[in-house]
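*Asks:* What would the 3D arrangement of this be:
(chains A and B)
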Amino acid sequence: MRARVTVFPRKEILDPQGKAIRGALERSGFPEVREVRAGKSFDIDLGTEDTVAAGERLAEMCEKLLANTVVEEYEIEVLAGERA
Amino acid sequence: MRCGVVVFPGSNCDHDVYHVLKHVLDQDAIFLWHEDTTLKSCELVVLPGGWSYGDYLRGGAMAALSPVMTAVREHAEKGGLVLGICNGFQVLTESHLLPGALRRNRDLRFECRDVYLRVERDDLPFTHRYRAGQVVRMPIAHGEGNYEHSPAELDRIEAAGQVVFRYVSPAGELDDAWNPNGSARAIAGVVNAGGNVLGLMPHPERCAEEVLGNADGLGLFASVVRGARARLAGAAR
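*Replies:* The predicted model follows:
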C-alpha cells in the first residue's frame, strides 16, 4: 500500500519561501494568487494493506521524523490499491 | 576538563571547536563519532556546526536520531554539559533538548557575517565570564537560523530566563535591522530549564583568539571549562 504525506509550515508561522514564490508568480502574470505555502511531500510504500494500522504508523513517522510539529503540520493520504 | 566534539557526517566546524578546547584552553579534548554509543567520560559534549547528513529533511533532523544522541540525551538529563553551535543548535532543537525550531532565514539568504549579541544571563556555566547586558561580536554562517516558537511558548521561555543571546545593534539595542535572520524576539541562543544545555546560531569557536582579530567567543568556552561545575547547581531557575 502506498501513502502520501505532505508537510507544510503551520498557518500561523510566516513562510518566507511561499511568500517569495507568490511574489514570483505575481511578476510572472498570475496576480490572482493570494497565498502560496511551500511544503514537501513523501511517497511511502508500506508493506501492509491494513489502512487503519498504516495510518497510525504514518502519524508516528510524522511526529517522530517527517515533520517538526513545533513549526509544521502534516496530512496523510492513503493511496489504497496503488503500487509503485 | 574532558571535552568531546561530536563528528556527524557533514560536520565542518568540529576541528575549529577542538582547536579552541585543546590548544587555546589546554583541555583534554577528543572527537566522538556519530555512531558512538558512549561519551567516553566527557564532561562537556559539543555538537559543532556544519551540514550533518547534508541537511536532508531539515537541518539537524537526521543527526537527532543518530546513535550518539541517545548518549547525549542521557548525559543532558543527568545535568551534563552540552553545547550546540549552529547546526549543533538545530540538532538540539530537533532532539527536543532545547525548545523551539530553526527555520529558513527571513529573506531566504545564507547569511555569513559578523553580528552583535547581547548576553542576557551571566550566571550560567556557559556565560559566567561575560556580564549580563554585555555586547559581543561573533560571526554567523547559516541559511536556517530563524528561531521560531508559538507566542505562548516564547513567553514561557522568556519568563523562565532561557533566552541567553539576542541579536542587537552594536549599542546593544533591539532593532529589527540588526536581526540577521528574522528570529522571533531576536533570539540567537537559548538554554534548557536546567541551565546545562545551550544552543546558539553564532560561531564562538571562530572568534576565540586575538590572532583572528576577535576573541569575543573565548569567554563562552572559558566559562565552561573553568568554573562551570560550581555554577551548574545554581543555573536552574
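
*Asks:* switch to C-alpha atoms for all contacts and neighbour counts from now on
*Replies:* Will do.

*Asks:* what's next to the helix or strand containing residue A:6, contact-wise?
*Replies:* Assigned by DSSP states H and E, residue A:6 belongs to strand A:2-9. Residues outside strand A:2-9 that contact it (Cα atoms under 8 Å, 6 or more residues apart in numbering or on different chains) are A:15, A:37-46, A:66-67, A:71-84.

*Asks:* again, only this time at 7 Å
*Replies:* A:15, A:38-46, A:67, A:71-80, A:82-83 (Cα atoms under 7 Å, 6 or more residues apart in numbering or on different chains).

*Asks:* which of those residues come close to chain B?
*Replies:* Counting by Cα under 7 Å from any Cα of the partner chain, residue A:71 from the contacts of strand A:2-9 sit close to chain B.

*Asks:* So which of the contacts of strand A:2-9 belong to strands?
*Replies:* Among the contacts of strand A:2-9, the ones falling in strands (DSSP state E) are A:40-45, A:72-79.

*Asks:* Next one: the residue in chain A that chain B sits nearest to from residue A:36, what distance?
*Replies:* Here the residue of chain A nearest chain B is residue A:16; by Cα to the nearest Cα that distance is 5.8 Å. Taking Cα to Cα, to the nearest Å as the measure, residue A:16 falls 10 Å from residue A:36.

*Asks:* any idea of the mean pLDDT for stretch B:120-130?
*Replies:* Stretch B:120-130 shows a mean pLDDT of 96.

*Asks:* got the phi/psi numbers for residue B:140?
*Replies:* phi -120, psi 160 (degrees, to the nearest 10).

*Asks:* Buried residues, whichever helix or strand comes after the strand holding residue A:6. List them.
*Replies:* Next in sequence after strand A:2-9, counting helices and strands by DSSP H and E, comes helix A:16-27. For helix A:16-27, burial by neighbour count (16 or more other Cα atoms under 10 Å in any protein chain shown) applies to A:16, A:17, A:18, A:19, A:20, A:22, A:23.

*Asks:* out of those, who's nearest residue B:169?
*Replies:* Nearest to residue B:169 among the buried residues of helix A:16-27 is residue A:16, at 23.6 Å by Cα to Cα.

*Asks:* That closest one contacts residue B:106, correct?
*Replies:* Yes. Taking contacts as Cα atoms under 7 Å, residue A:16 lies within contact range of residue B:106: 5.8 Å.

*Asks:* about what we covered before: report the rounded mean pLDDT for the strand holding residue A:6.
*Replies:* Strand A:2-9 shows a mean pLDDT of 95.

*Asks:* Each with direction, which strands does it pair with?
*Replies:* Partners of strand A:2-9 in the sheet, by DSSP bridges, are strand A:40-45 (antiparallel), strand A:72-79 (antiparallel).

*Asks:* which residues touch whatever residue of chain B ends up closest to chain A?
*Replies:* The nearest approach of chain B to chain A comes at residue B:106, 5.8 Å away (Cα to the nearest Cα). If you count contacts by Cα under 7 Å, 6+ apart, residue B:106 has them with A:16, B:146, B:181, B:182.

*Asks:* So the third one is in contact with residue B:146, correct?
*Replies:* Yes. Using Cα under 7 Å, residue B:181 is in contact with residue B:146, at 5.2 Å.

*Asks:* Looking at those two, which has the bigger crowd around it?
*Replies:* The neighbour comparison of residue B:181 against residue B:146 (other Cα atoms under 10 Å in any protein chain shown) goes to residue B:181, with 28 against 24.

*Asks:* Now do the end-to-end distance for stretch A:33-46.
*Replies:* Taking Cα to Cα, the first and last residues of stretch A:33-46 lie 36 Å apart.

*Asks:* what residues does that stretch touch?
*Replies:* Stretch A:33-46 is contacted by residues A:1-9, A:15, A:17-19, A:21-22 when judged by Cα under 7 Å, 6+ apart.

*Asks:* Specify the beta-bridge partners of the spatially most central residue of chain A.
*Replies:* The residue lying closest to the centre of chain A (Cα atoms, centre = their mean) is residue A:6, at 1.4 Å. Taking DSSP bridges as the rule, residue A:6 bridges to residue A:41, residue A:75.

*Asks:* Let's have the strands paired with strand A:2-9 in a markdown table, adding distance to residue B:79 and mean neighbour count.
*Replies:* What follows is those, written out as a markdown table (distance: least, Cα to Cα, whole Å; neighbours: other Cα atoms under 10 Å in any protein chain shown):
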| stretch | distance to residue B:79 | mean neighbour count |
| --- | --- | --- |
| strand A:40-45 | 37 | 14 |
| strand A:72-79 | 30 | 16 |
